[in-house]
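In: Provided below are the primary sequence and the corresponding predicted coordinates.
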Amino acid sequence: MEQISNTPATKAALKTTLTGIIVSLVLAIIKALGGIFGNSYALIADAIESTTDIITSSLLYVGLTWSSKPADKEHPYGHGKAEALIALGIALALVIAAVIIGIESVHNIRTPHKSPKAFTLLILGGVILTKEILYRYVIKTGNEINSGAVKADAFHHRSDAITSGAAFIGITIGLWGGPGYEVADDWAALLAGVIIIINAYIIARPAIGELLDEELEPQLNEQVRKLAAEVPGVEFIEKCYIRKMGLKSHADMHVWVNKNLTVEQGHTIAHAVEDHIQEQLPQFAIINIHVEPAGVVH
């Protein structure tokens, strides 16, 4: 059996994940130092969000490696569900980060403090640009290989850009307004926490659907049915169920053929259907086909 971990899709996923870890590490250090010396909790909160980026991207790297392991006796369908579990872990980490940011923001709003320093805006401007570029790079890979976990990682990078944008606005208001507007920085951090929780839901919803074997892509189901119907000898597609397993998909189908065909002929048609679908849609690792005699009521 092919070692899925060596496929271009997995290599691309691991490459983007490693890039995200390195970039997030550098940005977390810069933001933390900028927040401490620039008297900005919004920037420190942003550094916390970047730190969760590092943790979740590291988990994703491990998860992708694990989910790419080939099927074995204990896991006949492979280890792809690990990818969805990692996506849920990323969403949970985002929620935890948002709660920490929210608690500290409320504390700082109630506690008088100095205004942030102007140089923090330069740091945030660079962070926003870097993270948005990273988001586009990672989401492009996630869409190309149809990986929910990689897409989740991309949204995590965008949430980092969003928190930086909120911090930028809060600090600008604090500097522009002068005394009495210092808390704008903390309100910005609080708003960023809310946005992070929304992103966590966006990440978690499809991951839960994958774990529960929901029909996540109706249009893919229609495409598979159409391809199967193109094979000579196929009279009707009665059932078609698709489940996602990490970077791969699995299908279960009921195909009607002429009831007068031999078992061997029906078997040949089933293999032709499988080959045709996998040729056009290589993301399908396994296609289980049950051949039915057309016109026979079950």
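Out: Perfect, I can see it now. Numbering: from 1, shown residues only.

In: For Gln283, give me phi and psi.
Out: The phi/psi pair for Gln283 (degrees, to the nearest 10) reads phi -70, psi -10.

In: Quick check: it touching Met245?
Out: No: the criterion here is CB atoms under 8 Å, and Gln283 misses it with Met245 at 10.0 Å. The C-beta positions use only the backbone N, C-alpha and C, and glycine is treated the same way.

In: Which one's more surrounded, these two?
Out: Met245 (23 against 15; other CB atoms under 10 Å).

In: Excluding residues flanking it in the chain, which one is nearest the more buried one?
Out: The shortest distance from Met245 to any non-neighbouring residue, by CB to CB, 6 or more residues apart in numbering, is to Gly80 (3.1 Å).

In: now the farthest one out in this protein, which residue is it?
Out: Largest separation from the mean C-alpha position in the chain: Asn260, at 47.8 Å (CA atoms, centre = their mean).

In: Would you verify that that residue is located in a strand?
Out: No: using DSSP: H, G, I helix; E, B strand; the rest coil, the assignment for Asn260 is coil, not a strand.

In: contacting residues around it?
Out: Applying CB atoms under 8 Å, 6 or more residues apart in numbering to Asn260 gives no contacts.

In: The one 5 residues further on too?
Out: When contacts are counted by CB under 8 Å, 6+ apart, Gln265 is found next to 233, 257.

In: name the element it belongs to?
Out: Element membership for Gln265 (DSSP states H and E) is helix 263-280.

In: Next SSE downstream of that helix?
Out: Once helix 263-280 ends, the next helix or strand along the chain (criterion: DSSP H and E) is strand 284-293.

In: next one: that next one to chain centre, how far?
Out: 29 Å (CA atoms, centre = their mean, to the nearest Å).

In: can you check stretch 243-259 too?
Out: Mean-position distance between stretch 243-259 and its chain equals 24 Å (CA atoms, centre = their mean).

In: what about it, start to end distance?
Out: Distance across stretch 243-259, first residue to last, is 29 Å (CA to CA, to the nearest Å).

In: So for stretch 122-138, what gets flagged as buried?
Out: For stretch 122-138, a neighbour-count test (16 or more other CB atoms under 10 Å) marks 123-124, 127-128, 130-132, 134-135, 137-138 as buried.

In: and Ile4, what pLDDT?
Out: On pLDDT, Ile4 comes in at 40.

In: And the pLDDT for Ile287?
Out: Confidence score, pLDDT, at Ile287: 91.

In: is it true that it touches Ile277?
Out: Yes: Ile287 is within contact range of Ile277, at 5.8 Å (criterion: CB under 8 Å).

In: overlap in contacts of the two?
Out: With CB under 8 Å, 6+ apart, Ile287 and Ile277 have common neighbours Ala251.

In: Identify the residues contacting stretch 203-222?
Out: Outside stretch 203-222, the residues touching it (CB under 8 Å, 6+ apart) are 81, 83-85, 87-88, 90-92, 94, 148-149, 151-152, 155-156, 240-244, 249, 281.

In: Next, the buried residues of it.
Out: By neighbour count with 16+ other CB under 10 Å, stretch 203-222 contains the buried residues 203-204, 206-207, 210, 216, 220-221.

In: got the residues you listed as CSV, with pLDDT columns?
Out: Formatted as CSV, the buried residues of stretch 203-222 follow (pLDDT from 0 to 100):
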residue, pLDDT
Ile203, 78
Ala204, 85
Pro206, 80
Ala207, 81
Glu210, 78
Leu216, 68
Leu220, 87
Asn221, 90
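
In: would you turn those into TSV with secondary structure and distance to Ala189?
Out: Listed next are the buried residues of stretch 203-222 as TSV, based on DSSP: H, G, I helix; E, B strand; the rest coil; distance: CB to CB, whole Å:
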residue	secondary structure	distance to Ala189
Ile203	helix	21
Ala204	helix	23
Pro206	helix	28
Ala207	helix	27
Glu210	helix	32
Leu216	coil	34
Leu220	helix	40
Asn221	helix	43
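
In: how about JSON lines for those residues, with distance to Ser115 added?
Out: Shown next, in JSON lines, are those (distance: CB to CB, whole Å):
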{"residue": "Ile203", "distance to Ser115": "35"}
{"residue": "Ala204", "distance to Ser115": "37"}
{"residue": "Pro206", "distance to Ser115": "42"}
{"residue": "Ala207", "distance to Ser115": "41"}
{"residue": "Glu210", "distance to Ser115": "46"}
{"residue": "Leu216", "distance to Ser115": "48"}
{"residue": "Leu220", "distance to Ser115": "53"}
{"residue": "Asn221", "distance to Ser115": "56"}
